[in-house]
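Engineer: okay, here's the prediction I keep looking at, along with the sequence it came from:
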2 protein chains.
Amino acid sequence: MRDTIQTLLAGELPKCALCQIKHIGICANSTEEELSWLEDAKLYRRYDAGRVIAFAGDRLEVVGSIMTGIAAIGGSREDGRRQTYGVLMPGDFMGRPGRAIAPFDIEAVTDIELCGFKSEIFDNLLHKAPLLHARMLEMTLDELEAARAWMMMLGRKSAREKIASLLVFFLDRQRRLDESFNSKILRLPLTRERIGDFVALTFETVSRQFTRLKRDGLIDELGRHTISIKDEARLREESGADEWG
Amino acid sequence: MRDTIQTLLAGELPKCALCQIKHIGICANSTEEELSWLEDAKLYRRYDAGRVIAFAGDRLEVVGSIMTGIAAIGGSREDGRRQTYGVLMPGDFMGRPGRAIAPFDIEAVTDIELCGFKSEIFDNLLHKAPLLHARMLEMTLDELEAARAWMMMLGRKSAREKIASLLVFFLDRQRRLDESFNSKILRLPLTRERIGDFVALTFETVSRQFTRLKRDGLIDELGRHTISIKDEARLREESGADEWG
DNA sequence: CGAGACGTTGAAGGTCTTCAAAAGCGGTGG
DNA sequence: CCACCGCTTTTGAAGACCTTCAACGTCTCG
């Protein structure tokens, strides 16, 4: 994070060629020409952990790809009930093209580095760059699929299944991000409350389920927010595995 | 339905110009040229009520726009738990472009007429018709937004709020479909069980909530599957209205 | 070290589910 | 036409699961 700031100050934007997420991001399928357009337009942004990047209804001036860190998309209601609708992790795209108003809250869960574009400029690029457009559609369809798989969990799973599902979900995401990574150690930088927002449980229930999963030997907690998966097969089984393929 | 079959046999496909959903469907923004391509490629399909159009994992040979009727996208698990992820109503697009395998079950809730395309042909059209592609992206983004709004309901709403939400949802959809339509009468051709799949409740709980909403004077049931909205304001209020704008 | 946020655990209570029975509705065939 | 069957719906009672309320423990950081 200090590196990035220095880099920005020095005016040396990291090259796309060196980008960690170029093979999974919005730019993954673009031609050299399209990439050069993107490279010219991009601007890095940082958001500190805990910062609300946008409240539902806000204009979102900058859209773009998460490079590092995690953001959460969610909503809340007057009485305080909250629900996380999805997470944005490295490679994911933040913001809706073609509509500047954010439909939901977006919050930086950890520190975030964004490879961003002013939203009007990105919209223009989208129109003149067909492969970028196609990738956008593909990613949106994937997200829709993921959102639907999530519904089964929200609506029909027990508390234990929900927590197991969450762990499997993040484990798979972590692995997808770094294919070489096959560790059983999961970093989960979320408070119990935020986990509850995610799977629609109270933080007390989340806590209880964690202690039971530990007691049953499926997982172990190494440090705050660091989980060791002791029995992945059973964890998957208990998550009601058929979903989110 | 007999009409349609005869029409098909006679080779007289209804013209796009006369189409009821042309202003909301996938073709809504296309140029004359793109429309002519679509018109040449289109083929009508009918599915009877109750028919499973595709099971999760099936190849979906035909994709396209729902012209009349309702389809449900959902999933189920070995133990019988089921969840509906979304409905397809006139104007909605059925099937995922670029991937022939259906990720979820698709079932015809009522009789359906589909303005369809063989999936490879549609994919090709999508590549050469930029406005069609843009519309596809727009519709997918809308669906994603709707799916996320739905999550708040699944995760955080009480049984009563869920049923109220469902009624408001279908009322709004019905009105959007036919702008002139401002009736307080809602046709809801779903069994209690299917409603339960939708909002993640058992059919018994659905039934109980309906009788309470009737008892409280918010709604009335005219006939099987026909609901009169007696107090729309309160129904909206009780649905926890901020969602699905 | 103290304050504040986060986490754990217990007990009580509420909401929804499960199990069960009966009634309503629609279609079919005698 | 009515009796009968299956499917849907309603309603009740019991029970499970999660939440709520409350207290205490733990970690981190000024």
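Structural biologist: Structure received.

Engineer: find the nearest non-adjacent residue to A:Gln209, please.
Structural biologist: Excluding the flanking residues, the one nearest A:Gln209 by C-beta to C-beta, 6 or more residues apart in numbering or on different chains is A:Ile163, at 4.3 Å. Using the backbone N, CA and C atoms, a C-beta is placed for each residue, glycine as well.

Engineer: list the buried residues for the helix or strand hosting that neighbour?
Structural biologist: Secondary structure assigned from DSSP states H and E places A:Ile163 in helix A:159-177. By 16 or more other C-beta atoms under 10 Å in any protein chain shown, the buried positions in helix A:159-177 come out as A:159-171, A:173-174.

Engineer: what subset of the residues you listed is also close to DNA strand D?
Structural biologist: Restricting the buried residues of helix A:159-177 to those near DNA strand D by C-beta under 7 Å from any atom of the strand leaves A:Ala159, A:Arg160.

Engineer: ok, now which ones touch A:Ala102?
Structural biologist: Remark: with contacts taken as C-beta atoms under 8 Å, 6 or more residues apart in numbering or on different chains, A:Ala102 is in contact with A:Ala54, A:Phe55, A:Ala56, A:Gly57, A:Asp58, A:Arg59, A:Leu60, A:Gly95, A:Arg96.

Engineer: for DNA strand C, see how far away the closest residue to A:Arg236 other than its chain neighbours is.
Structural biologist: Of all residues not flanking A:Arg236 in the chain, A:Val168 sits nearest, at 5.6 Å (C-beta to C-beta, 6+ apart). With distances taken as C-beta to the nearest atom of the strand, to the nearest Å, A:Val168 is found 19 Å from DNA strand C.

Engineer: do I have it right that the residue nearest to A:Gln209 meets A:Ser207?
Structural biologist: No. Taking contacts as C-beta atoms under 8 Å, A:Ile163 lies outside contact range of A:Ser207: 10.0 Å.

Engineer: so is A:Ser36 in a helix, a strand, or just coil?
Structural biologist: helix (DSSP: H, G, I helix; E, B strand; the rest coil).

Engineer: likewise A:Ile24?
Structural biologist: Following three-state DSSP, the label given to A:Ile24 is coil.

Engineer: that one: neighbouring residues, count only.
Structural biologist: For A:Ile24, the count of nearby residues is 16 (other C-beta atoms under 10 Å in any protein chain shown).

Engineer: A:Gly50 now?
Structural biologist: Neighbour tally, A:Gly50, other C-beta under 10 Å: 10.

Engineer: what of A:Leu18?
Structural biologist: 7.

Engineer: ok now do the residue nearest to A:Gln209, which residues does it touch?
Structural biologist: By C-beta under 8 Å, 6+ apart, the residues touching A:Ile163 are A:Ile195, A:Val199, A:Leu201, A:Val206, A:Gln209, A:Phe210, A:Leu213.

Engineer: hmm, 7 Å instead?
Structural biologist: A:Val199, A:Val206, A:Gln209, A:Phe210, A:Leu213 (C-beta atoms under 7 Å, 6 or more residues apart in numbering or on different chains).

Engineer: can you tell me the SS state at the third one?
Structural biologist: What it means is A:Gln209. Recorded secondary structure, A:Gln209: helix (three-state DSSP).

Engineer: so how far is A:Arg160 from it?
Structural biologist: 5 Å (C-beta to C-beta, to the nearest Å).

Engineer: and the gap between A:Ser30 and DNA strand C?
Structural biologist: Separation of A:Ser30 from DNA strand C (C-beta to the nearest atom of the strand) stands at 39 Å.

Engineer: quick check, that residue in a helix?
Structural biologist: No. Per three-state DSSP, A:Ser30 lies outside any helix segment and is coil.

Engineer: the helix or strand following the helix holding A:Ile163 near DNA strand D at all?
Structural biologist: Moving toward the C-terminus from helix A:159-177, the next helix or strand (DSSP H and E) is strand A:185-187. No. On the criterion C-beta under 7 Å from any atom of the strand, strand A:185-187 is out of touch with DNA strand D, staying 13.7 Å away.

Engineer: show me which residues of the next helix or strand after strand A:185-187 are buried.
Structural biologist: For strand A:185-187, the following helix or strand on the C-terminal side (DSSP H and E) is helix A:192-199. Neighbour-count burial for helix A:192-199 flags A:Arg192, A:Arg194, A:Ile195, A:Gly196, A:Asp197, A:Phe198, A:Val199 (criterion: 16+ other C-beta under 10 Å).

Engineer: let me know the closest of the residues you listed to DNA strand C.
Structural biologist: Of all these, A:Arg192 has the smallest distance to DNA strand C: 3.6 Å, by C-beta to the nearest atom of the strand.

Engineer: what about the nearest residue to the closest one once chain neighbours are set aside, distance to DNA strand C?
Structural biologist: Spatial nearest neighbour of A:Arg192, chain neighbours left out: A:Phe203 (4.1 Å); criterion: C-beta to C-beta, 6+ apart. Counting by C-beta to the nearest atom of the strand, the separation of A:Phe203 from DNA strand C is 6 Å.

Engineer: A:Gly91 now?
Structural biologist: 26 Å.

Engineer: mind listing what that residue touches?
Structural biologist: A:Ile21, A:Ile24, A:Gly25, A:Ser65, A:Ile66, A:Leu177.

Engineer: tell me which residues touch the nearest residue to A:Ala241 once chain neighbours are set aside, please.
Structural biologist: Of all residues not flanking A:Ala241 in the chain, A:Val168 sits nearest, at 7.5 Å (C-beta to C-beta, 6+ apart). Contact analysis of A:Val168 by C-beta under 7 Å, 6+ apart lists A:Leu235, A:Arg236, A:Ser239.

Engineer: just A:Met89 next, same as before
Structural biologist: Applying C-beta under 7 Å, 6+ apart, the residues near A:Met89 are A:Ile66, A:Ile70, A:Arg173, A:Leu177.

Engineer: beta-bridge partners for the most centrally placed residue in chain A, please?
Structural biologist: Central residue of chain A (C-alpha atoms, centre = their mean): A:Leu88, 1.9 Å from the mean position. Listed by DSSP bridges, the beta-bridge partners for A:Leu88 are A:Ala71.

Engineer: any idea how far DNA strand C is from it?
Structural biologist: Distance, A:Leu88 to DNA strand C, using C-beta to the nearest atom of the strand: 20 Å.

Engineer: for A:Arg135, same thing?
Structural biologist: Relative to DNA strand C, A:Arg135 is positioned 36 Å away (C-beta to the nearest atom of the strand).

Engineer: which of the three states applies to that residue?
Structural biologist: Secondary structure, three-state DSSP: A:Arg135 is helix.

Engineer: next one: phi and psi at A:His225?
Structural biologist: phi 70, psi 20 (degrees, to the nearest 10).

Engineer: ok, it - how many residues close by?
Structural biologist: By other C-beta under 10 Å, 13 other residues sit near A:His225.

Engineer: pull the contacting residues for A:Phe122.
Structural biologist: For A:Phe122, the contacting residues are A:Val63, A:Pro97, by C-beta under 7 Å, 6+ apart.

Engineer: and it, what element?
Structural biologist: Element membership for A:Phe122 (DSSP H and E) is helix A:119-128.

Engineer: pretty sure A:Gly155 is touching B:Ala200, no?
Structural biologist: Yes. If you go by C-beta atoms under 7 Å, A:Gly155 and B:Ala200 touch, sitting 3.0 Å apart.
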